[in-house]
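> what's the 3D shape of this:
(2 chains)
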2 protein chains.
Amino acid sequence: MRDHKKQTQGTYSNKGADYISKIAKEARIASRELASAPSQLKNAALLRAAVLINKHVDELIAVNGKDMAAAKQNDLAPALLDRLELTQPRIDAMIESLEKVASLDDPIGSMDSVRYMPSGIKIGSMRVPLGVVGIIYESRPNVTVEAASLSLKSGNACILRGGSEAFHSNQILSKILREALDDSGLPAAAITQLEATDRSLIGQLIGSTEYLDVLIPRGGKGLIERISKESKVNVIKHLDGNCHVYLDKQADIAMAVKVAVNAKTRRYGVCNAMETLLVHKDVSAKALPKVADELSEHKVELRGCSKTRDILINYQVKEATENDWFEEYLAPILAIKVVDDFQEAVNHINHYGSMHTDAIITDDKTTGEKFIQQVDSSSVMWNASTSFADGFEYGLGAEVGISTDKFHARGPVGLEGLTTKKYVVIGDGSIRP
Amino acid sequence: MRDHKKQTQGTYSNKGADYISKIAKEARIASRELASAPSQLKNAALLRAAVLINKHVDELIAVNGKDMAAAKQNDLAPALLDRLELTQPRIDAMIESLEKVASLDDPIGSMDSVRYMPSGIKIGSMRVPLGVVGIIYESRPNVTVEAASLSLKSGNACILRGGSEAFHSNQILSKILREALDDSGLPAAAITQLEATDRSLIGQLIGSTEYLDVLIPRGGKGLIERISKESKVNVIKHLDGNCHVYLDKQADIAMAVKVAVNAKTRRYGVCNAMETLLVHKDVSAKALPKVADELSEHKVELRGCSKTRDILINYQVKEATENDWFEEYLAPILAIKVVDDFQEAVNHINHYGSMHTDAIITDDKTTGEKFIQQVDSSSVMWNASTSFADGFEYGLGAEVGISTDKFHARGPVGLEGLTTKKYVVIGDGSIRP
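Residues are numbered from 1 along each chain as shown, chains lettered A, B, ... in the order given. Predicted structure coming up:
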């Protein structure tokens, strides 16, 4: 019995491996064609996809209804059901996003750092696609269109693995996208949605270093952590955002309160929300009650160090524990610490933070610049709210993801994150002595 | 007995883990200081190291003598003994290289893509160090100085693990480097040579994602492959160079022969040497005998496809097998294939090549540009010898390594490969609506 089971698993796993290697090879071949496809062709395919989606709205909603019905039967949480649902406005938003991506500048083909060397060669760096991009995501079917369109625009082929709840919706969307490629004279294999949502296929995908150039997991922290840990393929990963605002002793208090409140309350469940407020001791007595007044109105729970609690004795402030400094609440909760000096603030951020986004409020130029230099985070801000940490706010045009890593891409990642460079050398029969 | 052994191993491995985590934490702290160290200070430390090495030449040669004696006793191959040995000219070269690195532009702190957004924020990208760099290398002790100086210049702390044969030489060199840091007011922990060469320490190092930002293995392909495969830390890896030259039908034959011969014979054991020559059928009868004449003088063994052998019937040409097209000979051997057209050449390179460096010889601009676009290699050349693929020839000033990967760094890697960027956002109390 045991042997039989083993054999079955083996066969199954080989089937998965064969399937992934087949589609990945096809994607690799398609990626070569896409790498040198002119912008007009890529844009034509994006706009054609918009037209086709518009044409198939009723079918899309009907197919999505199947996914919704199954999800309801499986008692999916209301929040997940909401993400899964395709409605007319959501489909319109997809169409708009396709048109938007078509209108972006093509990141591919530009040459920079062109220089003439004394040896006689001319050398430059040309921006080129990474090749084949794998994207693993959860329940929202619109990610299928978003991920595929960003890959296509940047000249990459993509292999998509959407959530099992959205299986039918993702299949039809991918079919439409492939039809758009085909109609535009581009290879359909440049966009592939996995034909099944077996977890074993993810296992195959994350081991495919030969065929995949990068993996982008999008979704909950659990998914991202698991994939980052197990993947043999390079991953652009987005883990947590434990963001800080530091009110310096030379902060304009009114500005500081405004920015801190915005950073905390604009949206609670986002990675760029402030989770800990640090306040210089010289201004803490003046600033903290003002911050507490405003945050109380927003019903934000406060957790403070002992100095904070002494100052905010008339407010309800829980005692912050060591864990609070590490916490990404993603909720209306704020940890507050009074620090003795600038260096304590920087050290606190570098120790407890997640290197996502951290801000200083100060009127002193030297202090602002020191903060920018010394805080080791992907976004460092001076007199601005951490809420600005976002690809669109940064003018990237599109957001492939946010990287909490330092390698290859860091912070909000635009189309450029799906590209690499190659050296181009031009000579006139040049040889090296 | 078995239990005892297990316990010993356990204790040992914990000891290794504790040691690595201790030095890596110290390196992380030092890296924060180095990240904002002014160029003058970093350069002063580099020049101080040059002075100290010059002062300790006799001691260096004596200590290296111990390593040489042990290596001879262990019957190390003559080539390895040669790499291990420190001589006055080699020490002079180390000193020169320190002075050279000091004279390079500091890659850190420059801001680019600065833009003002409609929201009122100003945003830019600042180049910053990766943080802590691990470098694992083999017998040459001068790599200790080279690796440490490039890390220091780029504001990174480094953890070095040199080959066991060079243990004593590496220890004294690292001691000198740390003294130079200390003399210049920089933290000595920014340069650490492992205190032992146990392989288990490498195991700990390649698992230290928390403390290490990148690993650079330098040495044989075996070492690099093993580390790349097992490392949890990001690796800048340099695997093989199976480089091609393609003689197009519109090639200037004299130029083609000159370039091909240079690409093959300049040096045989290097990654940028040509290993396969592709020739368009229209010019093969004219070009191949000329190439064969010259290569025969250099005693290069030829292995050809059947068409090649038909043309070169008067030369000794072995039959090339499928394996030959994949082979990186690193030797005076050349595979030759006649292709029917441009596309066959490109497909051959993309299939059999290692995406290192590939060149076309053609007088036709359109064909040259198509080659540049379609060949998926880190360096693509037009009318130039593959021998130029080298950080110094590319004007990078220094070569940290050559990356055969596409992620983070590709092709010859200069100091910039040891850096990343962070977003800097400056506002005037800006909040996001």
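
> buried residues in stretch A:168-186?
Within stretch A:168-186, the residues that qualify as buried are A:168-174, A:176-181, A:184, A:186, counting by 16 or more other C-beta atoms under 10 Å in any protein chain shown. For the C-beta atoms, the positions are set from N, CA and C on the backbone; glycine is no exception.

> figure out how far it is from the centre of its chain.
Chain-centre distance of stretch A:168-186: 24 Å, with C-alpha atoms, centre = their mean, to the nearest Å.

> and for stretch A:196-211?
Offset of stretch A:196-211 from its chain centre (C-alpha atoms, centre = their mean): 21 Å.

> hmm, it in reach of chain B?
No - taking C-beta under 8 Å from any C-beta of the partner chain as the criterion, stretch A:196-211 and chain B are apart, separated by no less than 9.2 Å.

> next one: stretch A:414-429
Yes - using C-beta under 8 Å from any C-beta, stretch A:414-429 reaches chain B at A:Thr420, A:Lys421, A:Lys422, A:Tyr423, A:Val424, A:Val425, A:Ile426, A:Gly427, A:Asp428, A:Gly429.

> what bridges to the closest residue to chain B within the stretch 251-400 of chain A?
Going by C-beta to the nearest C-beta, chain B is nearest to A:Ala384 of the stretch 251-400 of chain A, at 3.1 Å. Beta bridges link A:Ala384 to B:Ser430, judged by DSSP bridges.

> that one and B:Gly427 touch, don't they?
Yes - under the criterion of C-beta atoms under 8 Å, A:Ala384 makes contact with B:Gly427 at 3.1 Å.

> so which of those two has more stuff around it?
A:Ala384 (31 against 23; other C-beta atoms under 10 Å in any protein chain shown).

> and stretch A:328-346, average pLDDT?
Averaging the model's pLDDT scores along stretch A:328-346 yields 97.

> quick one on the thing from earlier: and the buried ones among the residues of stretch A:414-429 next to chain B, selectable in ChimeraX?
Selecting only the buried entries of the residues of stretch A:414-429 next to chain B in ChimeraX, with 16+ other C-beta under 10 Å as the criterion:
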select /A:420,421,422,423,424,425,426,427,429
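
> helix or strand next in line after the lowest-mean-pLDDT helix or strand in chain A, which one?
None of the helices or strands of chain A scores lower by mean pLDDT, DSSP states H and E than helix A:2-35, at a mean of 72. Following helix A:2-35 in sequence order, the next helix or strand is helix A:39-55 (DSSP states H and E).

> now that following helix: average pLDDT?
What helix A:39-55 shows for mean pLDDT is 98.

> okay but A:Leu81 is in contact with A:Ala71, surely?
Yes - when contacts are counted by C-beta under 8 Å, A:Leu81 is listed as touching A:Ala71 (5.8 Å).

> comparing those two, which residue is more hemmed in?
Set A:Leu81 next to A:Ala71 and count neighbours by other C-beta under 10 Å: A:Ala71 wins out with 21 against 16.

> ok, the more buried one touching A:Leu80?
Yes - assessed by C-beta under 8 Å, A:Ala71 is found in contact with A:Leu80 at 7.1 Å.

> residues contacting A:Asp363?
Taking C-beta atoms under 8 Å, 6 or more residues apart in numbering or on different chains, we find A:Asp363 in contact with A:Gln250, A:Ala251, A:Asp252.

> who wins for most neighbours among those?
In terms of neighbour count, A:Ala251 stands highest of those at 28 neighbours, by other C-beta under 10 Å.

> can you pull the domain assignment for chain A?
A:2-230, A:243-388 (automatic domain parsing).

> quick revisit: for A:Ala71 and A:Leu80, list the residues in contact with both.
Looking at what touches both A:Ala71 and A:Leu80 (by C-beta under 8 Å, 6+ apart), the common residues are A:Glu165.

> average model confidence for stretch A:178-198?
Stretch A:178-198 carries an average pLDDT of 95.

> and it, end to end?
Using C-alpha to C-alpha, to the nearest Å, one end of stretch A:178-198 lies 22 Å from the other.

> gap between it and the chain center?
Using C-alpha atoms, centre = their mean, the mean C-alpha position of stretch A:178-198 is found 23 Å from that of the whole chain.

> before we move on, the earlier item: with pLDDT and secondary structure added, can I get the residues of stretch A:414-429 next to chain B in JSON lines?
Below are the residues of stretch A:414-429 next to chain B laid out as JSON lines (pLDDT from 0 to 100; DSSP: H, G, I helix; E, B strand; the rest coil):
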{"residue": "A:Thr420", "pLDDT": "96", "secondary structure": "strand"}
{"residue": "A:Lys421", "pLDDT": "95", "secondary structure": "strand"}
{"residue": "A:Lys422", "pLDDT": "96", "secondary structure": "strand"}
{"residue": "A:Tyr423", "pLDDT": "97", "secondary structure": "strand"}
{"residue": "A:Val424", "pLDDT": "97", "secondary structure": "strand"}
{"residue": "A:Val425", "pLDDT": "97", "secondary structure": "strand"}
{"residue": "A:Ile426", "pLDDT": "97", "secondary structure": "strand"}
{"residue": "A:Gly427", "pLDDT": "97", "secondary structure": "strand"}
{"residue": "A:Asp428", "pLDDT": "96", "secondary structure": "strand"}
{"residue": "A:Gly429", "pLDDT": "96", "secondary structure": "strand"}
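
> and the stretch 201-350 of chain A, which of its residues are near chain B?
A:Asp213, A:Val214, A:Asn234, A:Asp252, A:Met255, A:Lys258, A:Val259, A:Asn262, A:Ala263, A:Arg266, A:Asn350.

> and with 6 Å instead?
Residues of the stretch 201-350 of chain A lying near chain B by C-beta under 6 Å from any C-beta of the partner chain: A:Asp213, A:Asn234, A:Met255, A:Lys258, A:Val259, A:Asn262, A:Arg266.

> now the residues you listed as CSV including pLDDT?
Shown next, in CSV, are those (pLDDT from 0 to 100):
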residue, pLDDT
A:Asp213, 94
A:Asn234, 90
A:Met255, 97
A:Lys258, 97
A:Val259, 98
A:Asn262, 98
A:Arg266, 97
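
> what about these, which one has the most neighbours?
Busiest of these [other C-beta under 10 Å] is A:Val259, holding 29 neighbours.

> what about A:Lys221, distance to A:Cys271?
Distance, A:Lys221 to A:Cys271, by C-beta to C-beta, to the nearest Å: 10 Å.

> just to revisit the earlier point, for chain B, state which of the buried residues of stretch A:168-186 is nearest.
Nearest to chain B, judged by C-beta to the nearest C-beta, of the buried residues of stretch A:168-186 is A:Leu186 at 15.3 Å.

> who touches the closest one in this structure?
A:Ala45 (C-beta atoms under 6 Å, 6 or more residues apart in numbering or on different chains).

> surely it is within a strand?
No - assigned with DSSP: H, G, I helix; E, B strand; the rest coil, A:Leu186 falls outside any strand and is coil.

> any regions of chain A where pLDDT drops low?
A:1-14 (pLDDT under 70).

> redo that, cut-off 50
Along chain A, segments meeting pLDDT under 50 span A:1-12.

> in whichever strand or helix holds A:Ala345, what's buried?
Per DSSP H and E: A:Ala345 is located in helix A:342-352. Residues A:Phe342, A:Glu344, A:Ala345, A:Val346, A:His348, A:Ile349, A:Asn350, A:Tyr352 are the ones in helix A:342-352 that count as buried (16+ other C-beta under 10 Å).

> of those, closest to A:Lys25?
Nearest to A:Lys25, judged by C-beta to C-beta, of the buried residues of helix A:342-352 is A:Asn350 at 44.6 Å.

> pretty sure the closest one sits against A:Asp376.
Yes - between A:Asn350 and A:Asp376 there is a contact at 5.5 Å, judged by C-beta atoms under 6 Å.

> how far does stretch A:64-75 sit from its chain's centre?
From the chain centre to the centre of stretch A:64-75 is a distance of 27 Å (C-alpha atoms, centre = their mean).

> need the residues that contact that stretch.
Residues from elsewhere that reach stretch A:64-75, judged by C-beta under 6 Å, 6+ apart: A:Leu81, A:Leu84, A:Leu86, A:Glu165, A:Ala166, A:His168, A:Ser169.
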